[in-house]
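For reference, the sequence and a predicted model appear below.
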Amino acid sequence: MDRRSFLTTSAAATTSAALPSSSLAWAFKAPQPVPSSGLDLARHRFGINYTPSHNWWFCWNDWNADPIRRDLDAIAELGADHLRILLIWPFFQPNPKWVSPAHLERLEQLVNLMGERHLDALVTVFTGQLSGWYFLPPFNRLSDGFFTDRIMLDAQELFIRELSRTLVPHQNVIGFDMGNEVNTCWSTEPPTGDAWMQRTLALMDTALPNHLHVNGVDHNPWFRDTTFSPKALAAQRFPVMHCYPFWTGAVNYGGPMDPPSVKLLAAMAALIRSYADAQQKPVFAGEFNTCIKELTDAQQAEWLDKAVHAAIEQGVSWFTYWDSHDVDRKYDFNPLEYTLGLLTNDGKVKPAGRVFKELADNYRGKPVSFPTASLPQPPVPHTQESTWRWILDWLEWKPRN
């Protein structure tokens, strides 16, 4: 199941054209940053995907730092050591040749506020889709654009450059996430997607060196052929998984507390390592939650506890929960989006928030115990059905129906 299937997919562009070799040439001297701390992939970290309680991420356009300070204080109290923060691409770059200085200043202020609370920042870049809504820049080329169009690629280069210049002085920046599930907004054939990913990661390494850059796709490229190949994703320094029992279809194979759900993070980590052909590969749970609206707050907390413990046993390194705050119901979102926070919209700690704090306090900074058992070969063919068969076999789980 596609996490965004409830909305139109007309914005997705499909192409298999080759990536132009000269379209993203760098014309500036790379800055020399102060290296970010805490990039040890062999020690556990616990963070949260930040969703501002006041005006959601529309706050980039209606800036008020006071409620953000309150949010960050509450998040720090939960024991988080980092936040994934979501840029809205067209807000920051409304023109292919211009990035908004006001928005860059707001980003810098947010990173400063986080640093005051000992929170590191993982910064998304090409966020054209977030929580089911599309945020396409005005210069977006719908038919053949994101991965190969010269105007789009040059705009991407400029955006990376300007973000890097803003972030480079800050010690609490982890690095870039290429976007919020880029493949859910723009799709292509895997060879084209892989070439774009490798080129863009190299540019990020040049613009913001000595940091950690990742590609946080949704579950689909791990389960079937779309946009990026699983082998190319798994070959990255720190492959990312987004794990949701509802959106992946785990709920089709058992109840919310059965292994396909509570051990989904562990199983997807094993799947990633099978594609990497490396059992000691560090893996990052960049987004995870249930998205099962029938669960009570207490059951959601139970799931979180079981899921993270199972993932720790399987050697998952970092955890970034989705999300910090419930979304204000004054906005129109899919009903699943309103209650996913560790905190209510007015800042009260939910049962899952208390569990998160206990997990973070118990495991943050401790060495990762990587698994040593051999893994089966990746699923063949690379389809949703065969991937789930691989996962169920790895779990040694037979569905009841």
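Cool, the structure landed. These numbers come from a predicted model, not from an experiment.

all contacts plus neighbour counts: C-alpha atoms, from now on.
OK.

what sits up against stretch 95-112?
60-61, 63, 65, 91-94, 120-121, 137-139, 151-152, 154-155, 158-159, 162-163, 166-167, 170, 172-173 (CA atoms under 8 Å, 6 or more residues apart in numbering).

out of these, which are buried?
The neighbour count (16 or more other CA atoms under 10 Å) marks 60, 63, 91-93, 120-121, 137, 151-152, 154-155, 158-159, 162-163, 167, 170, 172-173 as buried among those.

In helices, which of those residues appear?
91-92, 151-152, 154-155, 158-159, 162-163, 167 (DSSP state H).

quick one: which of those is nearest Met257?
Relative to Met257, the closest of these is Phe91; by CA to CA it sits at 39.9 Å.

OK, contacts around that closest one?
60-61, 100, 103.

do you know how far it is from Ser187?
For Phe91, the distance to Ser187 (CA to CA, to the nearest Å) stands at 22 Å.

Also Arg84?
From Arg84 to Ser187 the distance is 23 Å (CA to CA).

Now do the SS call for Trp247.
helix (DSSP: H, G, I helix; E, B strand; the rest coil).

Wait, it touches Cys291, no?
Yes - assessed by CA atoms under 8 Å, Trp247 is found in contact with Cys291 at 7.5 Å.

if I look at those two, which residues touch both of them?
Joint contacts of Trp247 and Cys291 (CA under 8 Å, 6+ apart) do not exist.

Phi first, then psi, for Val251.
phi -70, psi -10 (degrees, to the nearest 10).

residue ranges of the strands in the stretch 151-300 of the chain, please?
173-177, 240-243, 284-288 (DSSP state E, counting those that start in this stretch).

For Ala311, find the nearest of those strands.
Using CA to CA, the strands of the stretch 151-300 of the chain put strand 284-288 closest to Ala311, at 9.0 Å.

just for this structure, where's the confidence low?
Scanning the chain for pLDDT under 70 picks out the ranges 1-37, 142-144, 401.

Extract the C-alpha set from stretch 292-299 and format it as CSV.
This file holds the C-alpha atoms of stretch 292-299, laid out as CSV (Å, rounded to 0.1, in the frame of the first residue of the first chain):
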residue,chain,number,x,y,z
ILE,A,292,-3.2,2.2,12.9
LYS,A,293,-5.9,4.6,14.0
GLU,A,294,-7.8,1.9,15.9
LEU,A,295,-5.0,1.7,18.5
THR,A,296,-5.5,3.4,21.9
ASP,A,297,-2.8,5.6,23.2
ALA,A,298,-1.8,2.8,25.6
GLN,A,299,-1.6,0.3,22.7
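
buried residues in it?
Neighbour-count burial for stretch 292-299 [16+ other CA under 10 Å]: 292, 297.

can you give me the offset of it from its chain's centre?
Offset of stretch 292-299 from its chain centre (CA atoms, centre = their mean, to the nearest Å): 23 Å.

what does it rub up against?
245-246, 256, 336, 350-352.

Can I get the buried part of those as one ChimeraX selection?
Here is the ChimeraX command that selects only those of these that count as buried (16+ other CA under 10 Å):
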select :245,246,256,350,351,352
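
so which of the contacts of stretch 292-299 comes closest to His309?
For the contacts of stretch 292-299, the nearest to His309 is Ala352 (14.0 Å; CA to CA).

Not counting the helix or strand hosting that closest one itself, show me its contacts.
Using DSSP states H and E, Ala352 sits in helix 351-363. Defining contact as CA under 8 Å, 6+ apart, one finds that helix 351-363 is touched by 44-46, 77-80, 297-298, 300-302, 304-305, 342-343.

try 10 Å this time
43-48, 75-81, 296-305, 308-309, 312, 319, 321, 324-325, 340-344, 350, 364 (CA atoms under 10 Å, 6 or more residues apart in numbering).

Sort out which of the residues you listed are buried, if you could.
43-48, 75-76, 78-81, 297, 300-305, 308-309, 312, 319, 321, 324-325, 340-344, 350, 364.

Let's see which of the residues you listed end up in helices.
Counting by DSSP H, the buried ones among the contacts of helix 351-363 place 75-76, 297, 300-305, 308-309, 312 in helices.

of the residues you listed, closest to Asp177?
Out of those, the member with the shortest distance to Asp177 (by CA to CA) is Ile75, at 20.5 Å.

Grab the nearest non-local neighbour of that closest one.
Residue nearest to Ile75 in three dimensions, not counting chain neighbours: Ser324, with 7.1 Å by CA to CA, 6 or more residues apart in numbering.

ok, Ala311 - contacts?
262-270, 283, 285, 317-319.

need those in JSON lines with distance to Met204, can you?
Converted to JSON lines, the contacts of Ala311 look like this (distance: CA to CA, whole Å):
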{"residue": "Val262", "distance to Met204": "34"}
{"residue": "Lys263", "distance to Met204": "33"}
{"residue": "Leu264", "distance to Met204": "30"}
{"residue": "Leu265", "distance to Met204": "28"}
{"residue": "Ala266", "distance to Met204": "29"}
{"residue": "Ala267", "distance to Met204": "30"}
{"residue": "Met268", "distance to Met204": "26"}
{"residue": "Ala269", "distance to Met204": "25"}
{"residue": "Ala270", "distance to Met204": "28"}
{"residue": "Val283", "distance to Met204": "20"}
{"residue": "Ala285", "distance to Met204": "21"}
{"residue": "Ser317", "distance to Met204": "22"}
{"residue": "Trp318", "distance to Met204": "21"}
{"residue": "Phe319", "distance to Met204": "23"}
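
Closest one of these to Phe370?
Nearest to Phe370 among these, counting by CA to CA, is Ser317 at 8.8 Å.

what's the closest of the contacts of Phe91 to Asn180?
Trp60 (16.1 Å).

Assign a three-state SS to the residue lying closest to that closest one once chain neighbours are set aside, would you?
Leaving out its chain neighbours, the residue that sits closest to Trp60 by CA to CA, 6+ apart is His103, at 6.7 Å. Here His103 is recorded as helix under three-state DSSP.
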